[in-house]
Structure formats: structure tokens, C-alpha cells
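S.K.: this one's structure only:
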């Protein structure tokens, strides 16, 4: 069968490579001029928060915590002991209201808990902008992470898979999130994470600073997408921003030849000595 | 004595690091978001070329070659055999006029040569923009290199010292310059370099493309200087764009510990075998 699209070759030869991450939030590492950070692209103009959500904010004494695992890792598929752990933890904070994106209304999961409100869909954009929002409990998907950072919301990240552990680690390094191990979910760890976030003002301060930086960047992600695409349209897949590193094969990239030589030497020495 | 200014520490902790090179011209390599290319900064609005220079262009049959070693490596300090080699080479091209930035008028260096014109100062900006200019013979200083690239002029580089060999190599790789070894300057090598440039239209085509790219970049160097300085003024020497690599010491940076271990193993093996 003829190969129609080769991902590796396409990335290798493309004029630019747009990456869904924000350089203010992501780990700093070496990149070439070909890699363009466009995290935060598609920011939507926020509307006024609907009354049913606004009431939850208004009725809370200390503030609101937003809990969503996004649309891929849905909360309703969570193991029962985990659901129970979250609910028991939330019950420990009667002065805080919890908004939980929970997809299966028939579960009636928050029955009997006055401070837990579940919805199968939520206006995340507007909730993240509310000044009474204390933190966002999330799986740490890149879009949630970038949205929360740009709106200045500290996070509690419980990474599940894919890029989520990386995303959680980068926020932890920036000092804007507390990370909970998915294998260590219990009432105790969730209570501890919430307390850490709400009792230490540095989390909020640091993420507010990151948020300001994102707004102050010399180019917005929208400008980057348009201007670099225009450049590529004009000049095609030029060699100008291509590094030789893209032509390294697997053995070269991971220095397997060097490591192999070292291992051989060590084995030879051991053999000779014993 | 108290140290007032520590260059290494200052660069390490600075919010950004402005580099006098253009990423379209320079070699592509890994950099962090802290490094900002501002090569080409301070482009001056060109004026009409003065009559005495314009006459040199008008009277040439095939075009003009501009020869300047800049203001640091002055032509008048060049060894006599080199001066002679250049003049003899220029005499081989009677249909081309040569404009030479030569600082010591009293030397009367071009006496008897109808197609060589010397001046102690030249309007480089305007000369590089003239459509009849064939090539620019230069030492390859970064400012000359960036100016010629942005104006679409192929070069003959004779690098002397400092960053000049690097600059010449990068133009050679881009296909916009011929490089002559400074230890190999003779009538023969200079004639060959000039012939190569004027007989192969690719040099001109490639540098015209580079020039267009420089004009089409999403941000001008002026915008970068202003906007990144504003960002730094607002947020100070933030950690956000700092990589851990800046804290590597000499031994770590050059993997001396790894190399040392390897050398030790090899010596040990040799010792055991023989």
C-alpha cells in the first residue's frame, strides 16, 4: 500500500512546527526558530456567567473550587473509591462550594452534599475568570492548563496519561499547582492538596504573574499563527530554519553507539578481571 | 578589589539575551526563548547615491564590485603582497569597476588602474543597494554580513579573526558567498572567487531570497528590542525563560567527567592487555 502521509517526514521538512504550549508556562528548553509556541490560541471572549452558576459563587462563604477532568477522561468513569474520596474530601470544606463536571446526572452522585454541584457541561472559560474561584482540580490536559494559567488560576493536577504528567510537572515547577498522584487518590491526599492551595497565597501570586506575562508577550498566538503561515506560504519549505539534528537516526539521536561501546568496554574489563 | 560587573553572571541571570545576528542568515541551532535575534537593527533610510559614486556605477560596463574590510581590519594595514594580489586580480576585469575602501590616500595605491577607485570612507548602505553592484568583498564582520544579506548582495568573504570565520561559513552554507582563505590570498584565488560569483547566478538568486525573508519576518529587530525590553522592564529577571543548562559548570558543560572516565577505562584496558 502506498503511504499517503508520513508524519515524521512531514514534520522534518515543514517550514514551521506549531506547538500547542505557551513558552511562559512550559519548561524552558532548547528549540530552533522553526518551533512556534501557539498555546492559548483561540481564546474566546467571555460572556457574563449565567445565574445558576453565579448563585453558587454568591452563596459560598470562602469561594468556589472547580473540578473537571475534561471531555476525554470523564469523571463518571472514575473508580467508585475515587469518587467517594473526592466527595468525603469536599464535605470537609463546608464554607467552599464545589462545581463538578460530572457527566451522568442519573448517578445523583452529590446527593445529600449541600456544597457540591454537578453539571454535565460547564462554561469553563467564564468559571475560570470568576474572582471567587480558589482553584481548578484537573487532569492537566494542555488546554485546561494553558487556560487556567492565562486566567491566573492555581491548579490541583491529577495527571492520568499522555502529556498530562509533563504538564502537571511544569506547573509544579512554576509554583502554580499542587500535584496529586493518581495512584494515591484518597480523602486525605485531596484534603491536603486543597489546604495547601488555599492556605499558601504564593500559588495565587505566582499564577497571577504568569497570567500577566502571557498577556504581555510581544506576539499573541493568533498573530504567530497568521504571520508564520504567511511566511511559509511565501517561501515554502525553505531550508533556512532547518537544523541538521532532524536528520539524526534513532541510533545517533539516543547515542546508542556510544552507550554500546561503553557497555562493551565495561563487560570486557569485568571479563578480564574475574 | 570588589567586582563591579560579572559578565557571565549577568548573562546567566538576565531576562533576555539580545544577539547581533539574524536567524534567517545565521546557522540554525537550538536556543531558548531567552535568546532574541536582533541582527539588522538600526537600518538607516538610504539617501540617493552621491554623483561621484554614481558615476563609477554608470561608467562600468558589467557592474561594480565593492571592497571593504570595515573600520577595524583596515585595508591600508594589509601586507604588501596581498595588496598587489588584489590589484592584479582587479586588472583582469576591465569591464568591472572596483570601489575600494582604502584609508591612506597618500599610498596612491590604485595608480595607473582605470577601474579601481579608492576612498577613505564610503556610503556602504547606498552602495549595497545599487542594482549594478555585483558582489561585496569583505572580512565578514557581522554587521557587513547582515547588511549585505538584507540588501540581497552576494559576498566574497576573507575572514580574518573573531566571529568572521563563523560568519563566512554560514553564508557559504546558505549559498550566498564564496570564501577565500586569508592564508591563500593571491591573484589566482581572487580572480577565481570573482568569476565564481559573477558566472553563477545562484549566488544572487539565493541572497535575494534571503533578503526577502528578512523583510518578511513576523517581527522586525526594532520591534523585538522594544517589546522584549518592555517585557523585562515589567517582570524583571524572571525565571520563566531560564534553562537549567545555564548552571552547568565547566566540567559538566564539556562532559569532562564522562570523557575522563572513558579515557581511564581505555588506559586500564591497554594496561591490562600489554
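M.R.: That came through, no problem. Predicted model, so just to flag it, every value in this text is computed and none were measured. Residues are numbered from 1 along each chain as shown, chains lettered A, B, ... in the order given.
S.K.: contacts and neighbour counts: CA atoms only from here.
M.R.: Noted.
S.K.: quick one: residue A:177 and residue A:203 touch, right?
M.R.: Yes: contact status for residue A:177 versus residue A:203: in contact at 6.8 Å, counting by CA atoms under 8 Å.
S.K.: Tell me the residues that contact both of these two, please.
M.R.: Common neighbours of residue A:177 and residue A:203, using CA atoms under 8 Å, 6 or more residues apart in numbering or on different chains, are A:154, A:197.
S.K.: Is any residue of the helix or strand hosting residue A:261 near chain B?
M.R.: Assigned by DSSP states H and E, residue A:261 belongs to helix A:256-273. Yes: for a cut-off given as CA under 8 Å from any CA of the partner chain, helix A:256-273 has contacts with chain B, namely A:262, A:265, A:266, A:269.
S.K.: show me what contacts the second one?
M.R.: Contacts for residue A:265 (CA under 8 Å, 6+ apart) come out as B:265, B:266.
S.K.: my guess is residue A:179 meets residue A:167, correct?
M.R.: No: in this structure, residue A:179 is not within contact of residue A:167 by CA under 8 Å, at 10.2 Å.
S.K.: where along the stretch 101-250 of chain A do the helices fall?
M.R.: Remark: helices of the stretch 101-250 of chain A, listed N- to C-terminal, are A:124-129, A:142-150, A:164-174, A:187-199, A:201-216, A:221-235, A:250-253; assignment by DSSP state H, counting those that start in this stretch.
S.K.: Format the ones you listed as JSON lines; extra columns: mean pLDDT, distance to residue B:154 and mean neighbour count.
M.R.: Formatted as JSON lines, the entries for the helices of the stretch 101-250 of chain A read as follows, by pLDDT from 0 to 100; distance: least, CA to CA, whole Å; neighbours: other CA atoms under 10 Å in any protein chain shown:
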{"stretch": "helix A:124-129", "mean pLDDT": "95", "distance to residue B:154": "53", "mean neighbour count": "19"}
{"stretch": "helix A:142-150", "mean pLDDT": "94", "distance to residue B:154": "45", "mean neighbour count": "23"}
{"stretch": "helix A:164-174", "mean pLDDT": "95", "distance to residue B:154": "45", "mean neighbour count": "20"}
{"stretch": "helix A:187-199", "mean pLDDT": "97", "distance to residue B:154": "60", "mean neighbour count": "17"}
{"stretch": "helix A:201-216", "mean pLDDT": "96", "distance to residue B:154": "39", "mean neighbour count": "19"}
{"stretch": "helix A:221-235", "mean pLDDT": "95", "distance to residue B:154": "19", "mean neighbour count": "16"}
{"stretch": "helix A:250-253", "mean pLDDT": "89", "distance to residue B:154": "35", "mean neighbour count": "11"}
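S.K.: Quick one: the strands in the stretch 51-200 of chain A, in order.
M.R.: Secondary structure of the stretch 51-200 of chain A (DSSP state E, counting those that start in this stretch): strands at A:63-68, A:96-101, A:116-119, A:133-138, A:155-157, A:177-179.
S.K.: the inter-axis angle of the fourth one versus helix A:164-174?
M.R.: An angle of 150 degrees separates the directions of strand A:133-138 and helix A:164-174 when computed by axes from the mean of the first three to the mean of the last three CA atoms, to 10 degrees.
S.K.: can you give me the angle strand A:133-138 makes with helix A:187-199?
M.R.: 140 degrees.
S.K.: now for strand A:133-138, which elements pack on it?
M.R.: strand A:63-68, strand A:155-157, helix A:187-199 (3 or more CA pairs under 8 Å, 6 or more residues apart in numbering or on different chains; DSSP states H and E).
S.K.: which parts of chain A sit against chain B?
M.R.: Proximity of chain A to chain B (CA under 8 Å from any CA) is limited to residues A:23-25, A:28-33, A:174, A:213, A:216-218, A:224, A:227-228, A:231, A:235, A:240-243, A:262, A:265-266, A:269.
S.K.: at 7 Å instead, please
M.R.: Where proximity means CA under 7 Å from any CA of the partner chain, the interface of chain A facing chain B comprises A:24, A:28-32, A:216, A:218, A:227-228, A:231, A:240-243, A:269.
S.K.: any idea how far the nearest residue to residue A:206 once chain neighbours are set aside is from residue A:4?
M.R.: Counting by CA to CA, 6 or more residues apart in numbering or on different chains, the nearest residue to residue A:206 once its immediate chain neighbours are dropped is residue A:176, at 6.0 Å. The spacing between residue A:176 and residue A:4, counted by CA to CA, to the nearest Å, is 43 Å.
S.K.: Ok, residue A:272 next?
M.R.: Relative to residue A:4, residue A:272 is positioned 53 Å away (CA to CA).
S.K.: Looking only at neighbour counts, state which of these two leads.
M.R.: Ranked by neighbour count (other CA atoms under 10 Å in any protein chain shown), residue A:272 and residue A:4 place residue A:272 first, with 11 against 6.
S.K.: ok, residue A:160 touching residue A:140?
M.R.: No: at 8.2 Å, residue A:160 does not count as touching residue A:140 under the criterion of CA atoms under 7 Å.
S.K.: ok, these two, which is more surrounded?
M.R.: residue A:140 (30 against 17).
S.K.: Next, the contact list for the more buried one, please.
M.R.: A:157, A:158, A:159, A:164, A:167, A:168 (CA atoms under 7 Å, 6 or more residues apart in numbering or on different chains).
S.K.: Do I have it right that the fourth one meets residue A:144?
M.R.: Meaning residue A:164. No: proximity of residue A:164 to residue A:144 does not meet the contact threshold set by CA under 7 Å, at 10.3 Å.
S.K.: got any residues that touch both of the two?
M.R.: Overlap between the neighbourhoods of residue A:164 and residue A:144 is empty, taking contacts as CA under 7 Å, 6+ apart.
S.K.: quick revisit: what residues of the helix holding residue A:261 count as buried?
M.R.: By neighbour count, with 16 or more other CA atoms under 10 Å in any protein chain shown as the criterion, the buried positions of helix A:256-273 are A:265, A:269.
S.K.: what about it, distance to the chain center?
M.R.: Its chain's average C-alpha position is 41 Å from that of helix A:256-273, according to CA atoms, centre = their mean, to the nearest Å.
S.K.: How about stretch A:267-274?
M.R.: Here stretch A:267-274 is found 48 Å from its chain centre; the criterion is CA atoms, centre = their mean.
S.K.: Would you mind finding the most buried of the strands of the stretch 51-200 of chain A?
M.R.: strand A:155-157 (a mean of 29; mean count of other CA atoms under 10 Å in any protein chain shown).
S.K.: Please name every helix or strand in contact with it.
M.R.: Here strand A:155-157 touches strand A:133-138, strand A:177-179, going by 3 or more CA pairs under 7 Å, 6 or more residues apart in numbering or on different chains; DSSP states H and E.
S.K.: partners of it in the sheet?
M.R.: strand A:133-138 (parallel), strand A:177-179 (parallel) (DSSP bridges).
S.K.: how about those strands, which one is nearest residue A:81?
M.R.: strand A:133-138 (17.4 Å; CA to CA).
S.K.: Need the contact partners of stretch A:92-110.
M.R.: By CA under 7 Å, 6+ apart, the surrounding residues in contact with stretch A:92-110 are A:56, A:60-68, A:75-76, A:115-122.
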